[in-house]
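# I'll drop the sequence and a predicted model, then ask my questions.
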Amino acid sequence: MSRKTIKATRSAPYCFVLLLTFSNCGSFVLNNRNDLSPGISPLRVGSRAAPSMGIRKTALHWTLRRMNIPSWKIPESSRVLRVRDRVASLCWRLKPSRTSFQRLIKGRSLLNENAQIATNGPELGRSPEKSSGESQLLKSGNKEEKEKEVSALSETGKTEEDKKKGGFDFEIVRWALSYLWPRDDLQSKALLMLSLLSLFLGKLLAVQVPFLLQGAVDNINIADISTLTLDGPKSTLVLLICYGLARVIVATLNEIKTVAFTRVSQKSLRTFARGIFTHLHALDSTFHLGNPSGLLSVAYVRGVRGFQTILFQIVFAVVPTLIELVLTASVLTKKFGPMYSLVTLATFFGFVTFTSVITDWRMSIRRKLVGVDNERTAFFVDSMANAEAVKLFGNEDHEERLFDEYLAEIQQKNIENTYSIGVLNVGQSAIFSIGLTTLMLSTASAVTKGTMTVGNIVAVNALLIQLQIPFNFIGYTYQEVRQGFVDMGLVLEFLKTEPRVSDSPAVKAKETQTTAAAATQLNGARDPRAEGAAPAHRLPAEGGGVLAEEGTTTTLLGEVIFENVSFSYPNSTGTQINGVTINVAPGETIALVGASGSGKSTCLRLLTRLFDVDSGRILIDQENIQDMRLSDLRERVGVVSQDTALFDKSVGYNIRYGRLDASDEEVEAAARAAQVHHAVMRQKEGYDTRVGERGAILSGGERQRVAIARTILRAPRVMLCDEVTSAVDVATEVGIMQALKEANRNRTCVMVAHRLRTIMHADRIYVMANGKVVEEGRHEDLVLEADGHYRRLWDMQDGQALDEPKIAAIESKLPVSSTALA
């Protein structure tokens, strides 16, 4: 053998080392994108873009010079290039598909802070952004609320607890994983076990695949093979077939893992999302008034996304990476010695440390970018909503300059973000290449000494390239898991919040006993209906009221009593209601009047238990409302508020919302009673007409009549009307009051009004001031009290003081004397 041949043969291991190393480094640099800047499309399923040809040729030329072989003497179809391209293609196929990484890293919002409620409190049924003191709302939403949402979205700080834990909370992990192992759900448990088993078997087989390729390469390298034959279990053809089958099996196990876990995770996600939704509805008005619906929506979306992210990243990234790392280190130790596993582990921990540090830096840039982008969005919405004002004042240039300032800042942050991506990718590539090159040089050295074969180089390279795949996602996984913890933490704060208004322990105990008795009956107790007893159900009473279950002696008549009730809103400095006593007889209509902030609407909120009294009692039909189930109380009480809440669905749906099991005939009857049927039928689609967001396509009077129809359909015994005509014209007001008069026939009605002419027909009027009842009586009586509160209110609204002829005309119709209170 000539000296040149010997030299070329000794250099062959280095040829393989450098060809594979530089080729893989090229693919790593080009495709290791833990995050993508705008305009860079992520790799999709089935992507097979090849590494840089320039890097390949550079590596090839360097190797040929090392072997003293001119590059032009090696044609493109040579076996060296074929082997190199085949191995590079094989390593490339190991790259997994991935979805887009262009997710905005949204910061922590201020949802856990309850805003202080105004001393007088918002009126009943009125959304927080339309509390007293606020006038007009943009269609896109209240500006103050929008600014609070933007500040919440752009909040970049972390709590001290987050800083201590480095952003990770293992309590959240345990809590999230508990959803994967639901009690009494054997199917979910079996699917989870199948998914984990497939994961482990797939990784166990994956670390053995490179050694099949090693055997085939050694066979090719040792013998001069002109044909592939089945000479035995270790023949080249058998090894290559087994290699292909093993890859298919690994892919199949991976898909089994994915399908099985998806069924479990989606079921868990559904349970989690439903739990949040139910809990938020169960929380009292104090919570909802302190947390606008826009912020709750953001928290819900982030919480669900964080839950899904944590489950997905743990099962599909963290656990597989750790399993593969342990298996790879074990195989390297067994096959090649402990030095290989130590270098692999050192590379892994160096890679993770560098990635976590740079990712923290990148996340700070991203948080600032998201904050500025949210401010730009808010500015854009605000500017477009006030486009008419911009034109009228000729401030187009001013608006353009302000908007361009946001764009310039976003441009700078995007440049910084792209720079950080480059630093991350280059650093990760350098760390991995150092570890890979170290092991490959060690293997090549062993090959030249005759202790290892060329196939060992292929096996070591393939093992490390397989391990490189999860390495590529470490930064993304770290970033996503940390953000998932933040998002989950927000929702957990909500889930830990206990409602201040709920069924009392006595009611819950009674309900438990009832449930147990029903279960006993189902397990063999006699059914009273078998003996001819009448079935328990509710029957409509005259006027739409509700009678108690048959066989009982109590009838729900609608009597309402306030006994020395006092109340103050949470976080307020004063008392809103102070020693209020009100008696409402069954079927009676009473009115609460007074200046804004006197406590009228608060009385209605207390009656519906949106808040609980601080002292005193409220009784309906001689039963304390705190001793009732909330569902029973709200079946007895119907509310028509000033700010009518309609869903963006059909007219029929909004009316039927009062009683979901109502028939079409009952819905139409309720609409006729509320005098809205003809207005609905004028629409092209009738009761199927969508009302738009908050009933936007309906007029104010039509919205109120739909709300009245909904309450009529519910058939409550007590109806509460809170400023139902304050935002309509006189003609519409007359129609609404006629509808209410029809709806309140044979019902107890409590009305709150500022327009005194709308409550002149009330059986009694209670005048409130500073949280107390200062006068009580009929309109005809109270209006004669020259120095009374009601008389002053009447004079201000009537436009002039009552003259003697008017007083005489009123006195001639008085059935009783005034009962004004001091």
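Cool, got the structure.

# where along this protein do the strands fall?
560-567, 577-584, 589-594, 615-620, 623-624, 637-641, 718-722, 748-752, 764-769, 772-777 (DSSP state E).

# Quick one: residues in contact with the fifth one.
Applying Cβ atoms under 8 Å, 6 or more residues apart in numbering, the contact partners of strand 623-624 are 617, 618. C-beta coordinates here come from the backbone N, C-alpha and C atoms, glycine included.

# Over to the second one?
Residues outside strand 577-584 that contact it (Cβ under 8 Å, 6+ apart) are 558-568, 590, 599, 602-603, 606, 613, 616, 748, 750, 766, 768, 770-773.

# List buried residues within the residues you listed.
The neighbour-count criterion (16 or more other Cβ atoms under 10 Å) marks 558-563, 565-568, 590, 599, 602-603, 606, 613, 616, 748, 750, 766, 768, 771-773 among the contacts of strand 577-584 as buried.

# How many neighbouring residues does the nearest residue to residue 687 once chain neighbours are set aside have?
Computed as Cβ to Cβ, 6 or more residues apart in numbering, the closest residue to residue 687 that is not its neighbour in sequence is residue 652, at 3.6 Å. Applying the criterion other Cβ atoms under 10 Å, we find 20 residues in the vicinity of residue 652.

# Now the phi/psi pair for residue 649, please.
phi -140, psi -160 (degrees, to the nearest 10).

# Pretty sure residue 690 is one of the things it touches, is it not?
Yes: taking contacts as Cβ atoms under 8 Å, residue 649 lies within contact range of residue 690: 6.4 Å.

# For residue 399, give its distance to residue 377.
When distances are taken as Cβ to Cβ, to the nearest Å, residue 399 and residue 377 turn out to be 15 Å apart.

# Neighbour count for the two, which is higher?
Higher neighbour count among residue 399 and residue 377: residue 399, with 17 against 14, using other Cβ under 10 Å.

# Is it correct that the more buried one is in contact with residue 387?
No: in terms of Cβ under 8 Å, residue 399 does not count as a neighbour of residue 387; the distance is 9.2 Å.

# Next, give phi and psi for residue 646.
The phi/psi pair for residue 646 (degrees, to the nearest 10) reads phi -110, psi 140.

# and the spatially closest residue to it that is not a sequence neighbour, how many neighbours?
Counting by Cβ to Cβ, 6+ apart, residue 695 is the residue found nearest to residue 646 once chain neighbours are left out, at 3.6 Å. The number of residues packed around residue 695, counting by other Cβ under 10 Å, is 22.

# residues contacting the residue lying closest to residue 721 once chain neighbours are set aside?
Ranked by Cβ to Cβ, 6+ apart and with sequence neighbours excluded, the top spatial neighbour of residue 721 is residue 751, at 4.5 Å. Each residue near residue 751 by Cβ under 8 Å, 6+ apart is listed here: 589, 590, 591, 592, 720, 721, 722, 758, 759, 762.

# and the nearest residue to the first one once chain neighbours are set aside, how far is that from residue 391?
Excluding its sequence neighbours, the residue lying closest to residue 589 (Cβ to Cβ, 6+ apart) is residue 749, at 4.2 Å. Using Cβ to Cβ, one gets 48 Å for the distance from residue 749 to residue 391.

# Of those two, give the one with the bigger neighbour count.
Neighbours around residue 749 and residue 391, counted as other Cβ under 10 Å, are more numerous at residue 749. The numbers are 25 against 10.

# Residue 573: how many residues sit nearby?
Residue 573: 8 surrounding residues under other Cβ under 10 Å.

# make that residue 796, sorry
Counted with other Cβ under 10 Å, the burial measure for residue 796 works out to 11 neighbours.

# Skip the chain neighbours and tell me the closest residue to residue 396.
Leaving aside its sequence neighbours, residue 396 sits nearest to residue 390 (Cβ to Cβ, 6+ apart; 6.1 Å).

# ok, now how distant is the one you found from residue 381?
Shown here: residue 390 relative to residue 381, a distance of 13 Å by Cβ to Cβ.

# Please enumerate the shared neighbours of the two.
With the criterion set as Cβ under 8 Å, 6+ apart, the contacts of residue 390 and residue 381 do not overlap.

# Can you say which of the strands of the chain is nearest to residue 331?
For the strands of the chain, distance to residue 331 was read as Cβ to Cβ. The smallest value, 70.1 Å, belongs to strand 637-641.

# So for that closest one, mean pLDDT?
Here the mean pLDDT over strand 637-641 is 82, rounded to a whole number.

# ok, now stretch 337-346?
Model confidence over stretch 337-346, given as mean pLDDT, is 88.

# Other residues contacting it?
Contact partners of stretch 337-346, identified using Cβ under 8 Å, 6+ apart, comprise 325, 328-330, 332-333, 435, 438-439, 442, 460, 464, 467.

# Out of the residues you listed, show me where the pLDDT dips lowest.
Comparing pLDDT over the contacts of stretch 337-346, residue 467 scores lowest. The value there is 81.

# OK, contacts around it?
Applying Cβ under 8 Å, 6+ apart to residue 467 gives the contacts 324, 325, 328, 344, 348.

# Pull out the buried residues from those.
Restricting the contacts of residue 467 to buried positions leaves 324, 325, 328, 344, 348, with burial counted as 16+ other Cβ under 10 Å.

# out of the residues you listed, which one sits closest to residue 700?
Sorting the buried ones among the contacts of residue 467 by how near they are to residue 700, with Cβ to Cβ, puts residue 324 at the top with 65.0 Å.

# how close does residue 340 sit to residue 430?
Between residue 340 and residue 430 the distance, using Cβ to Cβ, works out to 20 Å.

# One more: residue 475?
Note on residue 475: its distance to residue 430, by Cβ to Cβ, is 14 Å.
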